[in-house]
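[1] return atomic coordinates for the entry below.
(chains A and B)
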Number of protein chains: 2
Amino acid sequence: MIVYGRNPVREALRGRRRVERVWATPKAAREDWLREAPGLSQVDAAEIEVLAGSPDHQGVCAEVDAYPYADADSLLEADEALVVALDEVTDPRNLGAIVRVAEAAGATGVVIPERRSAEVTPVVAKASAGAVEHLPVARVRNLADWLGEAKDAGAWVYGASADGIPYERPDYRGKVVLVLGSEGRGLRPRVAAMCDELVALPLRGKVDSLNVSAAAAALLYGVLQFRSQRG
Amino acid sequence: MIVYGRNPVREALRGRRRVERVWATPKAAREDWLREAPGLSQVDAAEIEVLAGSPDHQGVCAEVDAYPYADADSLLEADEALVVALDEVTDPRNLGAIVRVAEAAGATGVVIPERRSAEVTPVVAKASAGAVEHLPVARVRNLADWLGEAKDAGAWVYGASADGIPYERPDYRGKVVLVLGSEGRGLRPRVAAMCDELVALPLRGKVDSLNVSAAAAALLYGVLQFRSQRG
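    All right, here's what the predicted structure looks like:
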């Protein structure tokens, strides 16, 4: 797989997967973090655009191993695990943005279903600013079933829904899974039914929904704030 | 100006600016909210793509008046004004995402500088899901000067910066301006110097920055949470 862009390539070089080769323009190749890159070739921007399949490469791309998905159950081992589960989020830019904010907020990982979901592609790596290289992302066959297993493992499962209780009310100590749905349709009924509690961010405008990555940012930092005050 | 996409056209129809004409595919034209649209023509998708200048039109576009920018000072009139000021945010998708979350969070408005900033284009309208039609956006000649005027008007000005104090510490009652900088460079020194306080979201990952719209979401909902608990 070819990842492209400054952050995705830099984070791949210090992340979990093997980097086979790196291509950079002469200008990009002068950057410090690229000097030691394995198999570095200097090529022109047009060649990088062909390799990357995108004009959005910022002068650098790299051949890396397939994305090393994590084991979903291992994400719940820590006492204060904080996992984001995504129900049919199909837009790769949203998935990337959510991985980025989850990694920044110190979440344990992200869980996505195998089907009807964006997977970790180079577009996602770019939108995540390379955070996919550090934050574990796991795929599960059936999200509702996995939420049941998470509850058995001692996690509390909170689903984001406009019908929920105010999001600042629950006690977010312990193992927590936050479930976010697709923007158009929200959580599927079977997924919502598996949640211990549905929680809502206040919506005070005329446009009655948030982008799913904005909701993730507000909820994750809300949980962090709760834990720092009462943890 | 031609706005395109379902949310941007729907919100333009119930927003502040005049809609001159609407073009929709026969399929899109069957939607309830479009039936009463002024000057509705049914055309094919290819024609809409030409009018919109984008393939991202979802079967509908509209000719609307120029964007009605608000007066920046009027945004500070309310006792609990909550204004987002953006220092050189040049990516239109980031501007749109910030307007969307600011509108959803019930903020008073967004202030952008006249130069070196994205302005409210159809791309921004799309990224905002039409929220630009409801939330006032104001342009100012010089952002640092305007922040000084905001302080004279009784506002407290908080700049988002990795060097800041924990963001949950300030007292966010009263008139508040949150200043967010460009992703690469953060706040310019003169803008940072005008802030009463610099505030930081905790960053616990290896990728040491947040997308500016994720930071806006976390900070805005943090202010709302503060106000709901102590307001």
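
[2] distance of the residue nearest to A:Glu149 when sequence neighbours are not counted relative to chain B?
    Ranked by C-beta to C-beta, 6 or more residues apart in numbering or on different chains and with sequence neighbours excluded, the top spatial neighbour of A:Glu149 is A:Asp73, at 6.9 Å. (C-beta placed from N, C-alpha, C; glycine too.) Separation of A:Asp73 from chain B (C-beta to the nearest C-beta, to the nearest Å): 22 Å.

[3] give me the buried positions along stretch A:49-65.
    Of the residues in stretch A:49-65, A:Glu49, A:Leu51, A:Ala52, A:Ser54, A:His57, A:Gln58, A:Gly59, A:Val60, A:Cys61, A:Ala62, A:Glu63, A:Val64 count as buried by neighbour count, 16 or more other C-beta atoms under 10 Å in any protein chain shown.

[4] quick one, phi/psi of the first one?
    Think A:Glu49. A:Glu49 adopts backbone torsions of phi -60, psi -40, taken as degrees, to the nearest 10.

[5] is the spatially most central residue of chain A in a helix, a strand, or coil?
    Ranked by distance to the mean C-alpha position of chain A (C-alpha atoms, centre = their mean), the top residue is A:Val99 at 2.0 Å. Recorded secondary structure, A:Val99: helix (DSSP: H, G, I helix; E, B strand; the rest coil).

[6] quick check: it touching A:Ser128?
    Yes: the pair A:Val99 / A:Ser128 is scored as a contact, 4.3 Å apart, by C-beta atoms under 8 Å.

[7] tell me which stretches of chain A form helices.
    A:6-13, A:26-29, A:45-52, A:92-104, A:122-127, A:143-152, A:189-193, A:212-230 (DSSP state H).

[8] out of these, deepest packed?
    helix A:92-104 (a mean of 27; mean count of other C-beta atoms under 10 Å in any protein chain shown).

[9] contacts (any at all) between chain B and that helix?
    Yes: using C-beta under 8 Å from any C-beta of the partner chain, helix A:92-104 reaches chain B at A:Ala97, A:Arg100, A:Val101, A:Glu103, A:Ala104.

[10] one more: stretch A:2-14?
    Yes: residues of stretch A:2-14 are located near chain B by C-beta under 8 Å from any C-beta, namely A:Asn7, A:Glu11, A:Arg14.

[11] closest to A:Glu149 among those residues?
    A:Glu11 (30.1 Å; C-beta to C-beta).

[12] that closest one is in contact with B:Lys206, isn't it?
    Yes: counting by C-beta under 8 Å, A:Glu11 does reach B:Lys206; the two are 7.4 Å apart.

[13] contact partners for the residue nearest to A:Leu76 when sequence neighbours are not counted?
    Nearest residue to A:Leu76 in three dimensions, chain neighbours excluded: A:Ala153, at 4.8 Å (C-beta to C-beta, 6+ apart). Residues near A:Ala153 by C-beta atoms under 8 Å, 6 or more residues apart in numbering or on different chains: A:Asp73, A:Leu76, A:Lys175.

[14] how many residues are close by the second one?
    Look at A:Leu76: counted by other C-beta atoms under 10 Å in any protein chain shown, it has 22 neighbours.

[15] any idea how far A:Tyr4 is from chain B?
    A:Tyr4 is 17 Å from chain B, by C-beta to the nearest C-beta.

[16] hang on, that residue packs against A:Val60?
    Yes: with contact defined as C-beta under 8 Å, A:Tyr4 reaches A:Val60; the gap is 6.9 Å.

[17] between the two, what contacts are shared?
    A:Ile48.

[18] pull the residues that contact stretch A:82-89.
    Residues contacting stretch A:82-89 (C-beta under 8 Å, 6+ apart): A:75-76, A:95, A:98, A:102, A:105-113, A:116-118, A:143, A:146-147, A:150, A:155, A:157, A:175-183, A:185, A:187-188, A:191, A:212, A:216, A:220, A:223.

[19] intersection of neighbour lists for A:Glu11 and B:Lys206?
    Joint contacts of A:Glu11 and B:Lys206 (C-beta under 8 Å, 6+ apart) are A:Ala131, A:His134.

[20] what's in contact with stretch A:47-64?
    So stretch A:47-64 is contacted by A:1-6, A:8-9, A:12-13, A:17-25, A:27-28, A:34, A:37, A:45, A:122-123, A:126 (C-beta under 8 Å, 6+ apart).

[21] for A:Val19, give me its contacts.
    By C-beta under 8 Å, 6+ apart, the contact set of A:Val19 is A:Ala12, A:Leu13, A:Ala37, A:Pro38, A:Ala62, A:Glu63, A:Val64.

[22] relative to B:Asp163, which of the helices of chain A is closest?
    That would be helix A:92-104 among these, by C-beta to C-beta, at 16.2 Å.

[23] by contact count, what packs against the longest strand belonging to chain A?
    Criterion DSSP state E: the longest strand present in chain A is strand A:156-166. In terms of contacts (3 or more C-beta pairs under 8 Å, 6 or more residues apart in numbering or on different chains; DSSP states H and E), strand A:156-166 is packed against helix A:143-152, strand A:176-181, helix A:189-193, strand A:197-200.

[24] given that strand, what are its sheet partners and their directions?
    If you go by DSSP bridges, strand A:156-166 pairs up with strand A:176-181 (parallel), strand A:197-200 (parallel).

[25] what's in contact with that strand?
    Strand A:156-166 has contacts (C-beta under 8 Å, 6+ apart) with A:85, A:147, A:150-151, A:167, A:170, A:172, A:174-181, A:186-187, A:191-192, A:194-203, A:208-209, A:215, A:219, B:228.

[26] so which bits of that strand are buried?
    A:Trp156, A:Val157, A:Tyr158, A:Gly159, A:Ala160, A:Ser161, A:Gly164.
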